[in-house]
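J.: sharing a sequence plus its predicted fold:
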Number of protein chains: 2
Amino acid sequence: MSLRKRKNHSPKPPQDCPLLTCTSVIGGAWTPSIIWYLSGGPRRFTELKGDIPPITARVLTKRLRELEEQGIVDRHVMPTSPPSVEYTLTDLGRELLPAIQAIVDVGTRLQALGAQDAPR
Amino acid sequence: MSLRKRKNHSPKPPQDCPLLTCTSVIGGAWTPSIIWYLSGGPRRFTELKGDIPPITARVLTKRLRELEEQGIVDRHVMPTSPPSVEYTLTDLGRELLPAIQAIVDVGTRLQALGAQDAPR
DNA sequence: ATCTGTGGTATCCGATCGGATACCCAAGGA
DNA sequence: TCCTTGGGTATCCGATCGGATACCACAGAT
C-alpha cells in the first residue's frame, strides 16, 4: 500500500522568500563576523582585519564593498596620512543584529550541547 | 598625523566562534529552507522537494545526509511500497529554530524596508 | 505486460569562491 | 635616505559547490 498524499501543514511557502533575502546579505564568507564586530561601533579596515585574523584583505574588501552597496555599512574616509577608513553599520545594517545575535546564541548552545560538528 | 591605536571596544573575540559553529550547520544551499519546512512536523523526501521547487534531488539528498550526520534530523524509512522516508527535526535540530526564525523576521523587515537587494 | 511513484545515485560540468602572493602610493618618522 | 603604515588592487589558482541529466529497483495499479 502506498501512502496517501499529505497536505502541506508546514508554515506556508514564503513567496519572495525572506530567508533568501536575508541570507543573500549575510551569506558571504566572514560576513556575519564583520557585522558582529561592527556592532560595537565604528571600526577601521585594519582593525577588522585584526579582529578576524584568517580573513584576507581581498575578501575583507570585497565583503565591505558588497555591504556598502547593499546599504548595510557606511564607508568614511578620514583625511589622515596615510588615510584611514572607518566603517559603520547603517540603520539598515542594525536591522540584521537580531539575526546575527540569534545565530551566535544558537552556536553557543550547540557548543554547550557538544554537537559533533566537524569544522569545515 | 596618523591615528592613535584604538582598543578593541567590540564584543570580545569569540574563541571557538559560535558564529562559525552555527553557520557551518545552516550554511549550505537551501539548508535553512529545509529546516524551516521541517519545523512544521515530519516531512517526506518528495514533500520537501515540492516545498522547495528549485532544489534538485542531488542537493536535497546531500543536505539531508549532512543534517542527519550532524544530529539535526532523523531519517525514518517506512516499510511501504514504494518505501517512503520521513524526515524529522531532532531536539538538537529544534535548537536551530530561533536562529532560522530570526533570519526570516529580518528578511521580512528588509523586504518591507525595500532594501535594494539584487537577487543572486 | 506495462506504467507509475518513491527515493534516491552516478556522472559531468561550468561557475564561483576565496586563499596566497605580489604589488602600489603618499606622508611621516628614524 | 630609506622604511613603515593604511588601505587597498591585480593576478593566479585549486577546491568546492551545485545545477542538469540520466539512470535504477521494486511493488502496486491499470
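T.: Nice, thanks for sending it over.
J.: centre of the chain versus stretch A:68-86, how much separation?
T.: 19 Å (C-alpha atoms, centre = their mean, to the nearest Å).
J.: for stretch A:62-79, that is, sorry about that
T.: 14 Å.
J.: in it, what counts as buried?
T.: Applying a neighbour-count criterion of 16 or more other C-beta atoms under 10 Å in any protein chain shown, one finds A:Arg63, A:Leu64, A:Leu67, A:Gln70, A:Gly71, A:Ile72, A:Val73 buried in stretch A:62-79. (Each C-beta comes from the backbone N, C-alpha and C, glycine too.)
J.: need the residues that contact that stretch.
T.: Contacts with stretch A:62-79, where a contact means C-beta atoms under 8 Å, 6 or more residues apart in numbering or on different chains, come from A:25, A:28-31, A:34-35, A:38, A:42, A:45, A:48, A:83-90, A:92-93, A:96, B:3, B:115-117.
J.: just the buried residues from those, in PyMOL please.
T.: In PyMOL, a selection of the buried entries from the contacts of stretch A:62-79 looks like this (16+ other C-beta under 10 Å):
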select buried, (chain A and resi 25+30+31+34+35+38+45+48+84+86+87+89+92+93+96) or (chain B and resi 115+117)
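J.: from the contacts of stretch A:62-79, which are also near DNA strand D?
T.: Residues of those in contact with DNA strand D (C-beta under 7 Å from any atom of the strand): A:Phe45, A:Pro83, A:Ser84, A:Val85, A:Glu86.
J.: ok, so of the residues you listed, who is nearest B:Arg109?
T.: Nearest to B:Arg109 among those is A:Glu86, at 25.9 Å by C-beta to C-beta.
J.: in which helix or strand would I find A:Ile100?
T.: helix A:97-112 (DSSP states H and E).
J.: whether that helix contacts chain B - can you check?
T.: Yes: using C-beta under 8 Å from any C-beta of the partner chain, helix A:97-112 reaches chain B at A:98-111.
J.: alright, I will stop here.
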